[in-house]
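K.L.:
Sharing a model prediction with you, sequence too.
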Amino acid sequence: MESISVFEIIKVGIGPSSSHTMGPWNAATSFINLIKREKAITEVKEVFLEFFGSLAKTGIGHGTDIAGMLGLNGEDFKTIDTTKIDEKVENIKNSQILKLAGEKEIPFIYGHHLILNMQKSLDFHPNGMIFKAIFNDGSELVQDYYSVGGGFIATQEKNSIEKDCVRTLYPCHHGADIFKYCDKLGFTRFSDLIFVNEESWRSQEETRKEALYIWKQIKECIYKGVNKEGILPGGLNVSRRAAGINRKLLGEKIYKNKEEWFQLVVDAEENFTNINKWISCFALAVNEENASFGRIITAPTNGASGVIPAVLMYSQAFTPFISEDDIVRFILVAGEIGTLFKKNATISAAMGGCQAEIGVSSAMAAAGLTEILGGSVGQVLMAAEIAMEHHLGLTCDPIKGLVQIPCIERNTMGAIKAITAANIALESDPIKARVSLDEVIQTMWETAQSMSDRFKETSEGGLAIAVNVPEC
């Protein structure tokens, strides 16, 4: 089994969906690279893109079509000016010209060159798409791609593509492996093992640097979210709430930048009610940014991107464990827990419902928090198990296919559950636990397989059809 770095699970992304936005964007970039390997961009006459299944059914709400166009246009979601996305897309649609790979202008008619096929699903995975390039000499290049969760893409031939296969020194594919190697190496902290394994990709110094960069991006995203008012795009008329909560909690206090704002949060009145409100505020801020094509941290997906930031920000604002080392260890442990779900179940709502997104992110956050609060290896794994146990069966039923209702509020719930799970684990003896993390991951996967497709990000069941939302 292939090893996965924690920074493939927790990484810079763009809203609103890792599976339905980042995945198709990555697939478009991969197809461009395939063209370059097989022929040349200058030889391309036309490009066609067809989305199937879940990608098609919720494609407009998730910006799947936008991701496909911008990816083919040579844009990078990690660096694109997110305020210019609408302008760039409208330019492609109105001009009916796409600049393939940013190099060659080709005709591109929306609805002809890009199709959302809601009637058909590809067998390999619900999030399927097919790219086709026609060259000047009449030859064709066709490639299928599948968005398998968290921005990861695959083909039928390869479970993951454009990645070097890495095997770590102490491969941890199950919770039992973590126990085994920590005991073998004499590690009392889970994160010490991850530091060693991450050296398969980079030095420990670089690992720390990357984790602190993630933390910097998290703070930036939360700060943007707590300072934006208005209505989220998409037609549901959902109001941003983070800014209002932030304003009420801070009262008349004024700040000029995120450092001053963060210090005000740290100095704010600490009581149970206020802390709970701040946790919700942090999660709402991130997911409101996500819902409006903002730059966020995918952890492990975009729909669940508010949970880990909310819990990590909670730890930095309201606990004594606020060193850079604590931040790094939190992120490493959270990311490693995510790899266990990725390898043994799924982190795709199209495959497993929202338990695969909010449930996994809550388990990751619970483990990270338990690690920095002084939990043993067993307690860290126990916290992750508890958090997932209480998300089992959670469906993915976004109204109108938008990552807004119920997705945004679910992040606040996932964060609160993560903190509760950590506190329970810290007061428990993991040796007496009746359910292991490996068992709950297996149960989550079995639940996913038994779940109706109506509750797997298709907007065909649950709240998506129970609530009458006018189209205009």
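P.N.:
All right, it came through fine.

K.L.:
Work out the gap between stretch 284-298 and the centre of the chain.
P.N.:
Mean C-alpha position of stretch 284-298 versus that of the full chain (CA atoms, centre = their mean, to the nearest Å) differs by 10 Å.

K.L.:
got the contact list for T346?
P.N.:
V148, G149, G352, A356, W445, A448 (CB atoms under 8 Å, 6 or more residues apart in numbering). Placement of C-beta: from N, CA and C, glycine included.

K.L.:
Next, the contact list for the closest residue to the second one other than its chain neighbours, please.
P.N.:
Right, G149. Once flanking residues are discounted, G149 sits nearest to S348: 3.1 Å by CB to CB, 6 or more residues apart in numbering. Taking CB under 8 Å, 6+ apart, we find S348 in contact with S19, H125, N127, S147, V148, G149, G150, T301, A356.

K.L.:
just T168 next, same as before
P.N.:
By CB under 8 Å, 6+ apart, the contact set of T168 is S3, N197, S200.

K.L.:
and of the residues you listed, the nearest to G401?
P.N.:
S3 (34.3 Å; CB to CB).

K.L.:
In space, what's closest to that closest one - neighbours in sequence excluded?
P.N.:
S3 sits nearest to T168 (CB to CB, 6+ apart), 4.5 Å away.

K.L.:
so where does the one you found fall, helix or strand?
P.N.:
Secondary structure assignment for T168, by DSSP states H and E: no helix or strand.

K.L.:
That one and E50: what is the separation?
P.N.:
Going from T168 to E50 by CB to CB, to the nearest Å gives 38 Å.

K.L.:
Could you do R241 as well?
P.N.:
37 Å.

K.L.:
repeat for G15
P.N.:
24 Å.

K.L.:
more crowded one of the two?
P.N.:
G15 (28 against 20; other CB atoms under 10 Å).

K.L.:
Contact partners for that one?
P.N.:
G15 is in contact with 21, 63, 289-296, 302, 305, 403, counting by CB under 8 Å, 6+ apart.

K.L.:
can you do 7 Å?
P.N.:
Contact partners of G15, counting by CB atoms under 7 Å, 6 or more residues apart in numbering, are T21, E289, N290, A291, S292, F293, G294, I296, N302.

K.L.:
Assign a three-state SS to T447, would you?
P.N.:
helix (DSSP: H, G, I helix; E, B strand; the rest coil).

K.L.:
How about the contacts made by it?
P.N.:
The contact partners of T447, by CB under 7 Å, 6+ apart, come to Q355, L392, G393.

K.L.:
can you confirm the last one is in a helix?
P.N.:
So the one you mean is G393. No - counting by three-state DSSP, G393 falls outside a helix, being coil.

K.L.:
hang on, isn't it packed against I358?
P.N.:
No - in this structure, G393 is not within contact of I358 by CB atoms under 7 Å, at 11.8 Å.

K.L.:
All the helices of the stretch 201-350 of the chain, in order from the start?
P.N.:
204-225, 242-250, 258-267, 272-291, 307-318, 324-344, 349-352 (DSSP state H, counting those that start in this stretch).

K.L.:
Now do the fourth one: which elements does it pack against?
P.N.:
When you say that, I think you mean helix 272-291. Secondary-structure packing of helix 272-291 (3 or more CB pairs under 7 Å, 6 or more residues apart in numbering; DSSP states H and E): helix 204-225, helix 242-250, strand 295-298, helix 307-318, helix 407-426.

K.L.:
possible to save the ones you listed as a markdown table with mean pLDDT and mean neighbour count?
P.N.:
Shown next, in a markdown table, are those (pLDDT from 0 to 100; neighbours: other CB atoms under 10 Å):
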| stretch | mean pLDDT | mean neighbour count |
| --- | --- | --- |
| helix 204-225 | 97 | 19 |
| helix 242-250 | 97 | 17 |
| strand 295-298 | 95 | 25 |
| helix 307-318 | 98 | 26 |
| helix 407-426 | 98 | 24 |
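
K.L.:
shouldn't P406 be in contact with L463?
P.N.:
Yes - P406 is within contact range of L463, at 5.9 Å (criterion: CB under 7 Å).

K.L.:
Looking at these two now, which is surrounded by more residues?
P.N.:
Shown here are P406 and L463; by other CB under 10 Å, P406 has more neighbours (20 against 14).

K.L.:
Please report the distance of the more buried one from G63.
P.N.:
P406 sits 19 Å away from G63, going by CB to CB.

K.L.:
for Q449, same thing?
P.N.:
For Q449 relative to G63 (CB to CB), the value is 28 Å.

K.L.:
Show me the shaky parts of this protein.
P.N.:
159-165, 468-472 (pLDDT under 70).

K.L.:
tally of neighbours for E103?
P.N.:
Using other CB under 10 Å, E103 has 13 neighbouring residues.

K.L.:
Contacts only, for it.
P.N.:
Here E103 is in contact with I41, G74 (CB under 7 Å, 6+ apart).

K.L.:
From I35, how far out is it?
P.N.:
Counting by CB to CB, the gap from E103 to I35 is 11 Å.

K.L.:
Then D177?
P.N.:
D177 is 40 Å from I35, by CB to CB.

K.L.:
These two - which one has more neighbours?
P.N.:
Neighbour totals were compared for D177 and I35, and I35 leads with 21 against 15 (other CB under 10 Å).

K.L.:
Could you confirm that one falls within a helix?
P.N.:
Yes - applying three-state DSSP, one finds I35 inside a helix.

K.L.:
doesn't F131 make contact with it?
P.N.:
No - using CB under 7 Å, I35 makes no contact with F131, being 9.1 Å away.

K.L.:
quick one: which of the helices of the stretch 201-350 of the chain is nearest I115?
P.N.:
Closest to I115 of the helices of the stretch 201-350 of the chain is helix 349-352 (CB to CB; 18.7 Å).

K.L.:
For that closest one, list the C-alpha coordinates in CSV.
P.N.:
Taking Å, rounded to 0.1, in the frame of the first residue of the first chain, the C-alpha atoms of helix 349-352 are listed here in CSV:
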residue,chain,number,x,y,z
ALA,A,349,-18.8,12.4,0.0
ALA,A,350,-19.7,11.0,-3.4
MET,A,351,-18.5,7.6,-2.2
GLY,A,352,-19.4,7.8,1.5
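
K.L.:
picking that back up, need the helices of the stretch 201-350 of the chain in TSV with distance to F7, can you?
P.N.:
Below are these laid out as TSV (distance: least, CB to CB, whole Å):
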stretch	distance to F7
helix 204-225	6
helix 242-250	26
helix 258-267	23
helix 272-291	18
helix 307-318	13
helix 324-344	7
helix 349-352	22
